[in-house]
Structure formats: C-alpha cells, structure tokens
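J.: Compute the structure for the input listed below.
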Amino acid sequence: MRKGERTREAILERAVILFNQKGYANASMSDIMEATGLQKGGIYNHFKSKEELAVEAFEYGFQITGKAMLRYIQGRTQPLDRLKGFIEFFIEYGMHPPVMGGCILLNTALEADDTNPVLYERARQAMESWRDLLRRTIRRGIAQGQLRDTLNTEALISLIISTLEGSIMMSKLYNDVTHIEYAVEFLLQHIEHSVNV
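T.: From the prediction side, this is the model:
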C-alpha cells in the first residue's frame with residue numbers, strides 16, 4: 001500500500017469513529033483535524049469535502065461491520081443456521097460494535113434522514129444489503145424445506161431487523177445490553193417455533 005493510500009485509510013479509520021460517536025453534522029473540521037492529526041489541506045488532499053469524507057467513512061465503517069458479521073456466520077452452511085447466526089451476531093454487535101459509537105447504520109439513518117440526502121441514501125443501500133442477505137437465506141431455507149413455504153419473507157425480514165435495531169437503541173438509552181439479549185432470544189424462539197418446519 002502506498003503512502004497516500006495509507007494516509008487516506010488512516011483518515012477513514014479515525015473519521016468513522018468520530019462521526020459515529022459525535023454525528024456527521026456535529027463533527028467540525030477542527031474535530032476531524034484533531035482526530036486525524038492532519039491539517040485541513042492534508043484532509044482535502046484525499047477528500048473533496050466533509051460530505052465526501054462522511055459518505056466514504058460510513059462505507060468504510062459499514063464494510064468493517066459487514067466483515068464482522070460474515071466472520072460470525074462463516075461456516076454455517078444451512079440456511080436456518082445462517083439465519084440464527086445473523087441474529088446471534090447482534091449480541092456481540094451490541095456489546096462490542098466493530099466501529100466505536102454503536103451501530104453505524106442505525107446512527108447514520110437516524111441522523112441523515114432530514115439533513116444529508118446523499119448519506120441517507122447510502123444508509124438505505126447498506127440496509128438493503130442486509131435485507132438481501134436475509135432474503136436469500138430465507139428463500140434458500142424455504143427451497144430446502146427448513147422453513148415453511150407459506151412464510152411471508154418480507155415480513156420476517158422486517159421483524160428481524162426492526163427488533164434487533166430497536167434493541168440496540170434501547171440498550172444505548174438504558175446502557176444495558178439485556179435489551180439485545182431479549183430481542184435475540186425472542187427472535188430465535190420465533191424462528192424455532194413459528195417459521196421452522
């Protein structure tokens with residue numbers, strides 16, 4: 001990796017934490033300079049604007065999160081087991097998020113919905129990648145006879161993601177990961193008793 005590429009990655013590593021903890025709108029250029037140890041010109045040498053840095057930092061953070069999730073479900077070949085792995089990942093995700101500051105997708109979606117349309121759209125695309133992963137897994141489970149063929153795939157996807165993301169919000173509000181544990185236990189029981197064949 002060249003020096004310029006290393007510098008660019010170092011900026012992203014620090015900026016993603018800053019943005020995830022402080023928010024994109026609240027993080028000033030002074031904050032970014034302090035976090036990266038670079039002057040404004042050094043940052044703008046790699047990113048045209050704060051908005052470009054924000055979008056790329058989000059993508060960088062979401063990739064880190066995605067890799068953590070994939071490592072967690074790696075080796076689970078059966079669709080039902082992969083579905084359970086996706087859900088169980090959130091206990092680890094809630095206690096030790098891959099990006100300091102909590103769920104980067106939840107934080108970004110909540111902040112950017114009215115303030116930053118580019119970042120908001122990127123958060124929607126990221127969520128769609130999770131929905132696609134679940135959709136493929138559930139459809140394979142139905143095709144292989146592990147999940148009921150009458151299952152409403154989209155409803156199950158919505159239930160899983162909404163429950164897990166809501167539990168992260170509750171855990172942050174009350175500083176108590178028990179809310180994530182409740183959500184994971186509920187979803188695993190739901191899959192075991194309601195959608196499983």
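J.: And the helices in the protein, which stretches?
T.: Along the chain, the segments classed as helices by DSSP state H run 3-22, 29-36, 40-44, 50-73, 79-95, 104-112, 117-143, 153-174, 178-190.
J.: how about the ones you listed in TSV, adding distance to Asn196?
T.: All C-beta spots, glycine's among them, are computed from the backbone N, C-alpha and C. Listed next are these as TSV, based on distance: least, CB to CB, whole Å:
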stretch	distance to Asn196
helix 3-22	36
helix 29-36	46
helix 40-44	51
helix 50-73	18
helix 79-95	7
helix 104-112	27
helix 117-143	9
helix 153-174	11
helix 178-190	9
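J.: low pLDDT regions in the chain?
T.: Residues of the chain meeting the criterion pLDDT under 70: 1, 197.
J.: At the geometric centre of it, which residue do we find?
T.: When CA atoms, centre = their mean is applied to the chain, the residue found nearest the centroid is Leu105 (4.4 Å).
J.: Name the nearest residue to that residue, ignoring sequence neighbours.
T.: Nearest residue to Leu105, sequence neighbours excluded (CB to CB, 6 or more residues apart in numbering): Ala126, at 5.6 Å.
J.: For burial, what's the neighbour tally of the one you found?
T.: Using other CB atoms under 10 Å, Ala126 is surrounded by 21 other residues.
J.: Also Arg82?
T.: When counting by other CB under 10 Å, one arrives at 21 neighbours for Arg82.
J.: Then Ile161?
T.: Using other CB under 10 Å, Ile161 is surrounded by 17 other residues.
J.: Report the separation between it and Arg131.
T.: Separation of Ile161 from Arg131 (CB to CB, to the nearest Å): 7 Å.
J.: what do you get for Ala10?
T.: Ala10 sits at a distance of 32 Å from Arg131 (criterion: CB to CB).
J.: ditto for Thr77
T.: Per CB to CB, Thr77 is found 21 Å from Arg131.
J.: For the two, indicate the residue with more neighbours.
T.: Arg131 (16 against 8).
J.: Excluding sequence neighbours, find me the nearest residue to the more buried one.
T.: That would be Ile157: by CB to CB, 6+ apart, it lies 5.4 Å from Arg131.
J.: tell me the contacts of that neighbour?
T.: Residues counted as contacts of Ile157 (CB atoms under 8 Å, 6 or more residues apart in numbering) are Arg131, Leu134, Arg135, Ile138.
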